[in-house]
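# okay, predicted coordinates and the sequence, questions at the end:
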4 protein chains.
Amino acid sequence: MQFRDERDWEQFHNPKDLAVAISIEAAELLEAFLWKDAKEAKIEKVKEELADVLAYAILLGHHYNLDLEQVVRDKVLKNGEKYPVEKAKGSATKYNEL
Amino acid sequence: MQFRDERDWEQFHNPKDLAVAISIEAAELLEAFLWKDAKEAKIEKVKEELADVLAYAILLGHHYNLDLEQVVRDKVLKNGEKYPVEKAKGSATKYNEL
Amino acid sequence: MQFRDERDWEQFHNPKDLAVAISIEAAELLEAFLWKDAKEAKIEKVKEELADVLAYAILLGHHYNLDLEQVVRDKVLKNGEKYPVEKAKGSATKYNEL
Amino acid sequence: MQFRDERDWEQFHNPKDLAVAISIEAAELLEAFLWKDAKEAKIEKVKEELADVLAYAILLGHHYNLDLEQVVRDKVLKNGEKYPVEKAKGSATKYNEL
């Protein structure tokens, strides 16, 4: 927040552009793995891009006054209903095809 | 972690696919804003998709034993060097064009 | 194809990585619009990134021996059923909420 | 174009949202490969999502009056300079690290 405010950047940070920024950073993270096996990815690149994804996610959460820990917790519980252990165990099938 | 382990899903969660999953969830988050002004987005959809982005980011961080808070903090400091206040204030220009 | 084969790159171009590449290029295209109104985007950047999206799409289509013109034509017809004119006219609502 | 105009959808199709749509469809294409080996992807899903990527790419090209064939051809030539055969042959290294 301090980093953003010192630069007067809140004006650009409407939630739509923040969501766009998260997608762009997620793609830069993905680039660490392009044309490669997972273990060939450079950890430094992964760290930096993951940090950018998280930084914009935090700004978006802040925009909506979300408690991100709670939001993740709620979603994991909800996913628990979509993917019951007895059906989903050991399967990569999407919930609507289980 | 518990959610994942009860379902034996760690086998699918190699870091490349986790990075792919983050990109997919980031796009689902973006879908909340498609063809719309930012303020028309449904907050419930934003919350759920943001939670999924974060959940996969946490799993990826866990894979590499990263301290995500520290990773974000380090990156903000680094961005502070790429975007010095006196140059970047009030500007949306990318650092390599500043 | 010639560009790829001269560089011996087919070995990297498995369809999963091609799909990853399309997502990455789509995000670079999106970057032309980040923190901006649509009309502020630089057309040169748009052209280059759109070209990259299309180039990888063509390589992926080639991998599966797809006739891309036919594939697009088929999908437009199918979307015509999902979004009938009388329901969808002037509305940005997704088909499953129409 | 006819599909779009019958539904009065040009109003939503500003180029920024079209670029957002391309990213979203690219992610849906990527979903065909998530948690899977490339050869396990369902070809029908790949075809449909690739068609959506292309359809929005065509609409974006149309917005800027681009000749997409020419745009791709120009970019391939330009990439030929970034990735000269003698340096790039058999290597997946990005041009700025070659």
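The structure has been received and is ready for your questions. Numbering: from 1, shown residues only, chains lettered A, B, ... in the order given.
# which non-adjacent residue is nearest residue A:54?
In this structure, residue A:54 finds its nearest non-sequential neighbour in residue B:72, 5.1 Å apart by C-beta to C-beta, 6 or more residues apart in numbering or on different chains. Glycine gets a C-beta too; all of them are placed from N, C-alpha and C.
# hmm, what's the outermost residue in chain A?
For chain A, the residue at maximal distance from the C-alpha centroid (C-alpha atoms, centre = their mean) is residue A:86, at 27.5 Å.
# ok, residue A:63 touching residue A:16?
No. In this structure, residue A:63 is not within contact of residue A:16 by C-beta atoms under 8 Å, at 10.4 Å.
# neighbour count for those two, which is higher?
Each of residue A:63 and residue A:16 has its neighbours counted (other C-beta atoms under 10 Å in any protein chain shown); residue A:16 has more, 22 against 15.
# residue A:12 touches residue C:37, doesn't it?
No. The criterion here is C-beta under 8 Å, and residue A:12 misses it with residue C:37 at 11.2 Å.
# give me the angle between the helix of greatest length in chain A and helix B:43-63.
Looking across chain A with DSSP state H, the single longest helix is helix A:43-63. Inter-element angle recorded for helix A:43-63 and helix B:43-63: 150 degrees (by axes from the mean of the first three to the mean of the last three C-alpha atoms, to 10 degrees).
# what's the very next helix or strand once past helix A:43-63 packed up against?
Using DSSP states H and E, the next helix or strand after helix A:43-63 towards the C-terminus is helix A:68-82. Here helix A:68-82 touches helix A:43-63, helix B:2-6, helix B:43-63, going by 3 or more C-beta pairs under 8 Å, 6 or more residues apart in numbering or on different chains; DSSP states H and E.
# hey, least reliable of those by pLDDT?
Mean pLDDT values for these show the minimum at helix B:2-6, a mean of 89.
# quick one: that helix near chain D?
No. Judged by C-beta under 8 Å from any C-beta of the partner chain, helix B:2-6 and chain D are separated, with a smallest distance of 12.3 Å.
# can you tell me if that helix touches chain A.
Yes. Helix B:2-6 comes into contact with chain A (C-beta under 8 Å from any C-beta), by way of B:3, B:6.
# using PDB, list the CA coordinates for that helix.
The C-alpha coordinates for helix B:2-6 follow below in PDB (Å, rounded to 0.1, in the frame of the first residue of the first chain):
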ATOM      1  CA  GLN B   2      -5.100 -31.400   4.400                       C
ATOM      2  CA  PHE B   3      -7.700 -31.000   1.700                       C
ATOM      3  CA  ARG B   4      -5.200 -32.000  -0.900                       C
ATOM      4  CA  ASP B   5      -3.800 -35.000   1.000                       C
ATOM      5  CA  GLU B   6      -7.200 -36.500   1.800                       C
END
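# just give me how far that helix sits from the chain centre.
22 Å (C-alpha atoms, centre = their mean, to the nearest Å).
# next one: residue A:77, what pLDDT does it get?
Looking at residue A:77, the pLDDT reads 89.
# what sits against residue A:92?
Listed by C-beta atoms under 8 Å, 6 or more residues apart in numbering or on different chains, the contact set of residue A:92 reads B:9, B:12, D:34-36.
# hmm, back to that, average pLDDT across the helix or strand encompassing the residue farthest from the centre of chain A?
Element membership of residue A:86 [criterion: DSSP H and E] is helix A:85-88. Helix A:85-88 shows a mean pLDDT of 90.
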